[in-house]
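Colleague: got a structure for you, letters missing:
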């Protein structure tokens, strides 16, 4: 399945019933078990992946390890896979974008950026223009 069709299939799972539930996995074996249990899509968990390698959560894995894990998980299952990219593994939006492109090229259906302790402006800048537009439209809390 192409990256475009994988992303479209993942997007379609967000509409209608039943509600999409994403089980978190930490390697290809756990991804396969979750798929066999009936999951319609799978997400990696940065915490679980880090802990499985004896590391704390919070971008302690190397970038190449994240890519290798993504390749292994996508290769093990037929359902769409999303990757937890923590805070993007870089403060440079161009580098974050390059990592996302590599993941898309591997067949990843989606990513999530999170875990950032930086000011919201920096996190928005890392995720690029579309996130910046969404942030401007989002209600603010008082």
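Modeller: Everything's here; your move. Because the structure is a prediction, the values reported are computed rather than measured.
Colleague: Every contact and neighbour count from this point should use C-alpha atoms.
Modeller: Will do.
Colleague: Would you map the helices across the protein?
Modeller: 3-13, 28-36, 46-52, 63-76, 93-106, 120-127, 129-137 (DSSP state H).
Colleague: Of these, which shows the lowest average pLDDT?
Modeller: Of all the helices of the chain, the minimum mean pLDDT falls on helix 129-137 (a mean of 50).
Colleague: Quote the end-to-end distance of stretch 17-31.
Modeller: From its first residue to its last, stretch 17-31 covers 23 Å (C-alpha to C-alpha, to the nearest Å).
Colleague: Can you give me the buried ones in that stretch?
Modeller: In terms of neighbour count (16 or more other C-alpha atoms under 10 Å), stretch 17-31 has its buried residues at 23, 24, 25, 26, 27, 28, 30, 31.
Colleague: is it true that residue 114 touches residue 86?
Modeller: Yes - at 4.9 Å, residue 114 counts as touching residue 86 under the criterion of C-alpha atoms under 8 Å.
Colleague: Which one's more surrounded, those two?
Modeller: The neighbour comparison of residue 114 against residue 86 (other C-alpha atoms under 10 Å) goes to residue 86, with 20 against 14.
Colleague: Ramachandran coordinates for that one?
Modeller: phi 50, psi -120 (degrees, to the nearest 10).
Colleague: Start at 54, not 1
Modeller: Done: numbering now begins at 54, and the last item shifts to residue 139.
Colleague: ok so, going back, quick check: the two most widely separated of the buried residues of stretch 70-84?
Modeller: 76 and 81 (13.1 Å; C-alpha to C-alpha).
Colleague: Pull up the overlap in contacts between those two.
Modeller: When contacts are counted by C-alpha atoms under 8 Å, 6 or more residues apart in numbering, residue 76 and residue 81 have no shared neighbour.
Colleague: Of the buried residues of stretch 70-84, which is the nearest to residue 130?
Modeller: For the buried residues of stretch 70-84, the nearest to residue 130 is residue 84 (6.9 Å; C-alpha to C-alpha).
Colleague: my read: the closest one touches residue 95, true?
Modeller: Yes - shown here, residue 84 and residue 95 form a contact pair, counting by C-alpha under 8 Å, at 6.9 Å.
Colleague: shared neighbours, the two?
Modeller: By C-alpha under 8 Å, 6+ apart, the residues touching both residue 84 and residue 95 are residue 78.
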